[in-house]
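Student: just need the structure, nothing else, for what follows:
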Amino acid sequence: MSYALDSVEEAEVMIHENISTPVGFEAEKLKEIETRETWGLGVRIIKNGRIGISSTSNPDQFMTAIDRAIELSEYGPEAHFKLPSKTTYEEVKTYDPQIETLLLEQMADYGREIIAKVKPISQETLFDAGIQKSLSTFAFLNSNDVFFSSNKSSFSSWLSGTLIRGTDMLFVSESFRGNSPKWDVDSLISEVERQLSWGEAIVDSPSGKLPVLFLPRAVVSVLLSPFMSGINGKSVLHGSSPLGDKLETKIFDDRITIHDNPMLDLKPSSRFADDEGIKTKDRYLVENGTLKTILYDLQTAGQSGKQSTGNASRGLGSMPGVSNSYITVSPGNASFDMLLTELQNGIIVEQLIGMGQGNTLGGDAGGNILLGYRVKDGKIVGRIKDTMLNCNIYDALSNIIAIGSNSKELGGSMSIPAILCKDISVSPKINQEK
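Tutor: Numbering: from 1, shown residues only. Predicted coordinates for the structure are as follows:
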């Protein structure tokens with residue numbers, strides 16, 4: 001650090017080391033088993049009021065990386081911030097020592113067990129599976145005496161299947177990610193089995209403005225992602241977000257509460273500090289339908305006359321950007337059977353492809369339904385194909401019929417219930433029976 005400070009105003013250094021071991025099964029046969037190690041160092045400096053960033057994967061090239069960052073600062077953006085000063089961080093548990101005792105043979109056996117148990121469900125379906133463990137270390141130091149380091153463990157498993165019948169292809173999948181080893185074969189298989197069962201028959205899709213039940217993965221991709229872009233301080237700064245002047249204003253139904261909590265133990269997205277050394281904080285993004293927070297990193301906060309919210313993430317060689325930690329959408333009080341009864345005649349959406357159409361920052365969302373089902377008289381009757389869905393999330397989340405009482409954890413970074421919305425535009429490729 002002293003080498004950098006000889007010629008710059010401020011500097012920070014990040015070091016990230018990771019050891020990961022994936023075990024993969026492709027077409028039901030062991031395809032991959034290896035250990036990968038990566039190490040990297042990132043430098044950010046401020047010189048003459050401008051930012052320079054550089055990185056290296058060679059521990060012996062530290063000074064070279066600093067020199068490169070100094071050279072690049074001449075062409076870098078103007079800095080609208082000062083690096084944080086020394087502070088005290090709260091502890092959050094992100095490391096489980098059980099991960100160290102997990103053997104490759106155990107992981108391979110687990111993969112074989114998944115395949116052996118799922119195959120009898122559908123002999124026609126070709127299954128892939130994977131298990132991965134990783135150990136990572138992160139260290140941070142800046143010129144204002146901020147220093148911290150943390151260790152993180154990670155364990156993930158997944159199962160997917162492809163069923164081909166003539167020109168029809170059905171894709172199903174389920175996954176788990178956490179900080180601790182979790183040998184839960186049954187939860188992976190039961191979800192895949194459900195998708196295969198619901199998708200067995202192909203039926204015509206209805207069309208028009210319909211009630212749509214968004215299952216948790218669809219809630220994230222269709223409804224939540226555009227909202228998270230809208231509360232990004234950079235979007236607000238550039239005037240491309242509709243939420244810039246909506247703090248403390250109702251934007252959703254009263255039943256919608258969205259929470260961002262980085263301080264939950266043994267969650268992969270938890271952290272006590274962000275990637276700029278700012279202390280993280282448990283906060284509401286939306287409370288009872290009212291917008292509570294716009295997320296900022298140091299640069300966008302400085303440009304906006306605000307304070308960083310401790311939500312910066314960055315790669316070693318890239319500028320920071322805003323990100324969330326562990327997102328919770330509060331569940332409602334409707335069981336799944338109740339949701340079907342309320343839905344009556346409409347569709348269930350599990351996965352979409354081709355997202356990002358229209359004015360995403362304005363809340364427009366939609367795409368092709370990759371996995372969705374038709375509901376008639378409160379019962380699931382089969383899978384729909386070749387159907388588009390379009391909505392505006394601010395309209396959809398203001399026109400809620402019910403919210404599911406059970407939440408699903410996704411990617412170790414979100415806890416999401418199903419949400420039933422009304423008047424969603426559904427358009428089959430060919431005008432089919434309503």
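Student: please identify the buried residues of the helix or strand hosting residue 380?
Tutor: Under the criterion of DSSP states H and E, residue 380 resides in strand 379-383. For strand 379-383, the neighbour count (16 or more other CB atoms under 10 Å) marks 380, 382, 383 as buried. For every residue, glycine as well, the C-beta is placed using N, CA and C.
Student: pick the one among those closest to residue 79.
Tutor: Distance to residue 79, by CB to CB, is smallest for residue 383 among the buried residues of strand 379-383, at 52.9 Å.
Student: you'd agree that closest one is up against residue 205?
Tutor: No: the criterion here is CB atoms under 8 Å, and residue 383 misses it with residue 205 at 9.4 Å.
Student: mind listing the shared neighbours of the two?
Tutor: Common contacts of residue 383 and residue 205 (CB atoms under 8 Å, 6 or more residues apart in numbering): 372, 374.
Student: show residues contacting stretch 44-54.
Tutor: Contacts for stretch 44-54 (CB under 8 Å, 6+ apart): 4, 7-12, 42-43, 65-66, 68-79, 83, 299, 317-319.
Student: again with stretch 330-343
Tutor: For stretch 330-343, contacts defined as CB under 8 Å, 6+ apart pick out 211, 213, 255-259, 375, 378-380, 401-407, 417-418, 420.
Student: from those, which ones fall inside strands?
Tutor: Residues of those located in strands (DSSP state E): 211, 213, 258-259, 375, 379-380, 401-407, 417-418, 420.
Student: which residues in the stretch 251-400 of the chain form strands?
Tutor: According to DSSP state E, counting those that start in this stretch, the stretch 251-400 of the chain carries its strands in the segments 258-260, 283-287, 290-291, 312-313, 321-322, 327-329, 346-353, 364-376, 379-383, 387-392, 400-410.
Student: can you show me the CA trace of the longest one as PDB?
Tutor: The C-alpha atoms that make up strand 364-376 are tabulated as PDB, following Å, rounded to 0.1, in the frame of the first residue of the first chain:
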ATOM      1  CA  ASP A 364     -42.000  -3.800 -18.800                       C
ATOM      2  CA  ALA A 365     -41.400  -7.500 -18.600                       C
ATOM      3  CA  GLY A 366     -42.200 -10.600 -20.600                       C
ATOM      4  CA  GLY A 367     -40.900 -13.200 -22.900                       C
ATOM      5  CA  ASN A 368     -41.700 -16.700 -24.200                       C
ATOM      6  CA  ILE A 369     -43.000 -19.100 -21.600                       C
ATOM      7  CA  LEU A 370     -40.400 -22.000 -21.400                       C
ATOM      8  CA  LEU A 371     -42.300 -23.900 -18.700                       C
ATOM      9  CA  GLY A 372     -45.900 -23.000 -18.000                       C
ATOM     10  CA  TYR A 373     -49.200 -24.800 -17.300                       C
ATOM     11  CA  ARG A 374     -52.900 -24.200 -18.000                       C
ATOM     12  CA  VAL A 375     -55.400 -24.200 -15.200                       C
ATOM     13  CA  LYS A 376     -59.100 -25.000 -15.800                       C
END
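Student: angle of it against strand 387-392?
Tutor: Per axes from the mean of the first three to the mean of the last three CA atoms, to 10 degrees, the angle that strand 364-376 makes with strand 387-392 is 130 degrees.
Student: do you know the pLDDT at the closest residue in space to residue 261 that isn't next to it in sequence?
Tutor: Closest residue to residue 261 apart from its sequence neighbours, by CB to CB, 6 or more residues apart in numbering: residue 282 at 4.5 Å. The model reports residue 282 with a pLDDT of 95.
Student: how close does residue 282 sit to residue 150?
Tutor: 18 Å (CB to CB, to the nearest Å).
Student: how about the strands of the stretch 251-400 of the chain in a markdown table, adding distance to residue 114?
Tutor: Output for the strands of the stretch 251-400 of the chain, formatted as a markdown table (distance: least, CB to CB, whole Å):
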| stretch | distance to residue 114 |
| --- | --- |
| strand 258-260 | 33 |
| strand 283-287 | 36 |
| strand 290-291 | 42 |
| strand 312-313 | 32 |
| strand 321-322 | 35 |
| strand 327-329 | 28 |
| strand 346-353 | 21 |
| strand 364-376 | 20 |
| strand 379-383 | 24 |
| strand 387-392 | 31 |
| strand 400-410 | 19 |
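Student: many thanks, we can stop here.
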